[in-house]
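Participant: Sharing a model that was predicted from the sequence below.
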Amino acid sequence: MKVPENKLTAESPIEPIPLPEKVIIPLHQNIGAPCETMVKRGDKVLTGQKIGDSERFVNAPVHATVSGEISATTTVINPPTGQPAAALVITSDGKDEWVELEAPEEPEALSVKEILGKIREAGLVGLGGATFPTHVKLSPPEGKKIDTVILNGCECEPYITSDHRVMLEYGEKVLSGLNIIRKVLSPDNVYIAIEDNKADAIDHLEKLIVAMGFKEDFKIIPLKSKYPMGAEKTLLNTLLSREVPIGGLPLDIGVIVHNVSTTKAIHDAVFEGRPFVERVVTVTGVVKNPKNLLVRLGTPLRSLIDYCGGIDGKASEVILGGPMMGISQPDLDFPVTKGTSCVLVKESRPIREQDCISCGRCLEACPMYLIPTMLAKYTKAGRYDECQKAYIADCFECGACAYVCPANIPIVQYIKVAKSELIKRAATK
Amino acid sequence: MPEREFLVSPGPHLWRGQSVSKIMYIVVLALMFPTAAGVYFFGYHALSVIVVSVAAAVLTEYGVKKLRKRPFVMDGSAVVTGLLLALILPPTIPLWMVAVGSVFSIAIVKEAFGGLGHNIFNPALGGRAFMTASFSVEMTTWVLPMGFGADAATMATPLSSSFVWEADKLSLYRELFLGNIGGSIGETSALLILIGGLLLIALRIIDWRIPLTYIGTVALLTLVWPGVALPIFTSPWEDALFHVLAGGLMLGAFFMATDYVTSPITEKGRIIFGIGAGILTVVIRLFGGLPEGVCFSILFMNAITPLIDRYIKVRPYGFKKRVRSES
């Protein structure tokens, strides 16, 4: 499916923004278990100091992203889950004093276990938006052979350019991080998938691959710019003509997909011992100067938008993430979290739901070959069991169906309602 | 609670913007080709039938929406219904009958079922079926194309048993293709229907599967059936080509059978729909009491569309047939 690209910031180099006066660090920023706080109010913390962790395996710790004092605890609504999560507020002392980073003397000599430990300690999660803890993804179950690793540089959502800029400006680190993954999983093939609207990134990485001696190991595969190409399951289908079984993960067919920003952060964690405290965020839409910013996690959205010259034009929504899968925010107090790749300010789309005319456009658009309109109809009728039979769990909410729907039906919203209803039912059984 | 500064709306936050009304008006545009042919061949008669039918359809839609206390949206669907109905009526039908049929199409076939998206039957075809039952003489009185000039002279339609063609075969095909022959207002010119229909396929408004399988099935069945429609035909190929071009098949296949609401939603379902309509059309044409079967075939397939949609599933991504264990 074609969507308007609107990549306003493709040419804008990454700019670091000044340190915020305070940061808000939610204790739950990954899929899996939340962290428990390791500090209390009034504690002094250094940049990069671990302030939240958990015993659970599927978890990634959180770190202080500025130096200063823990000034409050608060609650934020975490966008992907919609659940409230505890958060720590750090008031910056403006000095940005770092913990001592433990850079290994010989990073090449690290064992797989040591590498995974460093990745976990750095608090790394999938930065494409899924926020699944990286060390877990790199620990396939015993006996499971990973034959293919895919580096995902598709960035198929309109507007977002953070991965694009990361490939251009941190290309060496992206490839070095990928090489670390190759070491951990020893796959037969490593592919780099990039949409052909980023020809400069393809060129740049192609040259780096040669320069860094990875010519035998990594293969770049340019893909057509199509939505949702960057979604794991779509990508596998396009690239390898392999389908992940229903309800399964790419792992089940021996494939693991990692985002380019994640591998850059893997390099930082393993080679420099640097915890994940800042990321690249595209700030775009109707702001005065759309930019790609290097931002400390926990920085309130307001600071980002102010840095870009403020809202400039008609705007009614602030969206975390891209326009297709992003989630709109009620205000600008929410902080940048690990999964924030973009802040988009725009006018809302018109919403005037009409009755379905059964045109079938949603079927054509659905990358999972579901019948989205039937899922919406079943949900309206309260027939959640029918939704389940129609494989509603396989929907990853890419929004393609609602994008093309002539009747303007918020299909994804209906699907979300049915999914949460089904989860509730399963829990009470 | 802090005051809400921004709207929170469900994603996606982009919309392609191809609305129902845009689609309907594109269909109206495509229908202008057969409409132009109808007006060219049947003059003032055709024009007045079209105007009355469309006006009655839109006014009825407005009235029924008011009665049902629902918002009236000028989404173009009533225009499509009114226009389609006009195109499948005889040119000389009395205008009050046109109005009655058009009101029936909208009020009973469409709105009584819940309006656009909920109707089981194609409203225009439902209206025509009603008119066939109510005004049987007027609905079967056909005239020679007379343009804006001469008086109407009656003429049998090509599919009727009383149809005779005295000139050569080639000129018969030419007239069937160009439209200079007796029939409903919009069905006579295969050429202009084809232009409109291919336009809709090119713009991805309609699915090619239905017209292709529908027309293909009619062609195939009339090809293998030993009899021929007219004594002048010497090969089954000539007979099949005649069945494809004559009557309402082209108009029905491109503009009626492809109606979203009343045809299946899946690709496989659409193929079944097209083949089913094709079989029924040939059966009615060859063995039925009526000369033409397009209208009733499509209506019948409309009726079983909910069944098709219930049982024809799409294979979801990653679905594997359960493999029976060997032991």
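Facilitator: Looks like it arrived, so ask away.
Participant: what domains does the record give for chain A?
Facilitator: Taking automatic domain parsing as the criterion, chain A consists of the domains A:19-99+A:275-346, A:107-272, A:361-428.
Participant: could you dump the ones you listed to TSV with mean pLDDT?
Facilitator: Listed next are the domains of chain A as TSV, based on pLDDT from 0 to 100:
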stretch	mean pLDDT
domain A:19-99+A:275-346	94
domain A:107-272	94
domain A:361-428	94
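Participant: can you put those domains in CSV and add mean neighbour count?
Facilitator: Every C-beta, even on glycine, is put in place using the N, C-alpha and C of the backbone. Formatted as CSV, the domains of chain A follow (neighbours: other CB atoms under 10 Å in any protein chain shown):
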stretch, mean neighbour count
domain A:19-99+A:275-346, 20
domain A:107-272, 20
domain A:361-428, 20
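Participant: Return the residue of chain A that is most distant from the centre.
Facilitator: A:Ile357 (34.8 Å; CA atoms, centre = their mean).
Participant: Surely that residue is in a helix?
Facilitator: No: the assignment for A:Ile357, made by DSSP: H, G, I helix; E, B strand; the rest coil, is coil rather than a helix.
Participant: Looks like A:Ile119 contacts A:Asp268 (just checking).
Facilitator: No: look at A:Ile119 against A:Asp268 with CB atoms under 8 Å: they stay out of range, at 10.2 Å.
Participant: Residues touching stretch B:37-45, excluding its own?
Facilitator: Stretch B:37-45 has contacts (CB atoms under 8 Å, 6 or more residues apart in numbering or on different chains) with B:46-47, B:50, B:86-87, B:91-92, B:143, B:145-149, B:152, B:179-180, B:185-186, B:188-189, B:191-193.
Participant: what residues are up against B:Val143?
Facilitator: Here B:Val143 is in contact with B:Phe42, B:His45, B:Pro90, B:Pro91, B:Thr92, B:Ala152, B:Ala153, B:Thr154, B:Met155, B:Gly182 (CB under 8 Å, 6+ apart).
Participant: Would you double-check that A:Val23 falls in a strand?
Facilitator: Yes: looking at A:Val23 with three-state DSSP, it is inside a strand.
Participant: Look at the residue nearest to it when sequence neighbours are not counted and give its secondary structure.
Facilitator: Ranked by CB to CB, 6 or more residues apart in numbering or on different chains and with sequence neighbours excluded, the top spatial neighbour of A:Val23 is A:Gly298, at 2.9 Å. Three-state call for A:Gly298 (three-state DSSP): coil.
Participant: show me what contacts A:Gly298?
Facilitator: A:Pro20, A:Val23, A:Ile24, A:Ile25, A:Thr65, A:Val66, A:Ile90, A:Pro335, A:Val336, A:Thr337.
Participant: Ok, B:Trp165 next?
Facilitator: B:Pro158, B:Leu172, B:Leu230, B:Ile232 are the contacts of B:Trp165 under CB under 8 Å, 6+ apart.
Participant: tell me which of the residues you listed is nearest to B:Phe300?
Facilitator: B:Phe300 has its nearest neighbour among the contacts of B:Trp165 in B:Pro158, at 22.9 Å by CB to CB.
Participant: Quick check, that closest one in contact with B:Gly179.
Facilitator: No: contact criterion CB under 8 Å: B:Pro158 and B:Gly179 do not qualify, at 11.6 Å.
Participant: Check the secondary structure at A:Pro245 for me.
Facilitator: coil.
Participant: Any chance of the backbone angles for the closest residue to chain A within the stretch 151-300 of chain B?
Facilitator: Nearest residue of the stretch 151-300 of chain B to chain A (CB to the nearest CB) works out as B:Tyr260 at 4.3 Å. The phi/psi pair for B:Tyr260 (degrees, to the nearest 10) reads phi -50, psi -50.
Participant: got it, and A:Lys389?
Facilitator: Per degrees, to the nearest 10, the backbone of A:Lys389 is at phi -60, psi -30.
Participant: And it, how far from chain B?
Facilitator: 10 Å (CB to the nearest CB, to the nearest Å).
Participant: what does A:Cys366 give?
Facilitator: 9 Å.
Participant: Tell me if I'm right that B:Lys22 and A:Ala407 touch.
Facilitator: No: taking CB under 8 Å as the definition, B:Lys22 is not a contact partner of A:Ala407, at 11.7 Å.
Participant: Can you list the residue ranges for helices in the stretch 1-150 of chain B?
Facilitator: Per DSSP state H, counting those that start in this stretch, the stretch 1-150 of chain B carries helices over the ranges B:20-67, B:77-87, B:95-104, B:123-134.
Participant: Just name the most buried of these.
Facilitator: Comparing the helices of the stretch 1-150 of chain B by mean neighbour count (mean count of other CB atoms under 10 Å in any protein chain shown), helix B:77-87 comes out on top with a mean of 28.
Participant: and that one, average pLDDT?
Facilitator: Mean per-residue pLDDT for helix B:77-87: 98.
Participant: mind putting the domains of chain A in TSV, distance to B:Phe121 included?
Facilitator: Output for these, formatted as TSV (distance: least, CB to CB, whole Å):
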stretch	distance to B:Phe121
domain A:19-99+A:275-346	37
domain A:107-272	36
domain A:361-428	20
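Participant: nearest residue to residue 251 other than its sequence neighbours?
Facilitator: Reading this off chain A. A:Pro140 (5.8 Å).
Participant: should've been chain B
Facilitator: Nearest to B:Leu251 is B:Glu187, by CB to CB, 6+ apart, at 4.6 Å.
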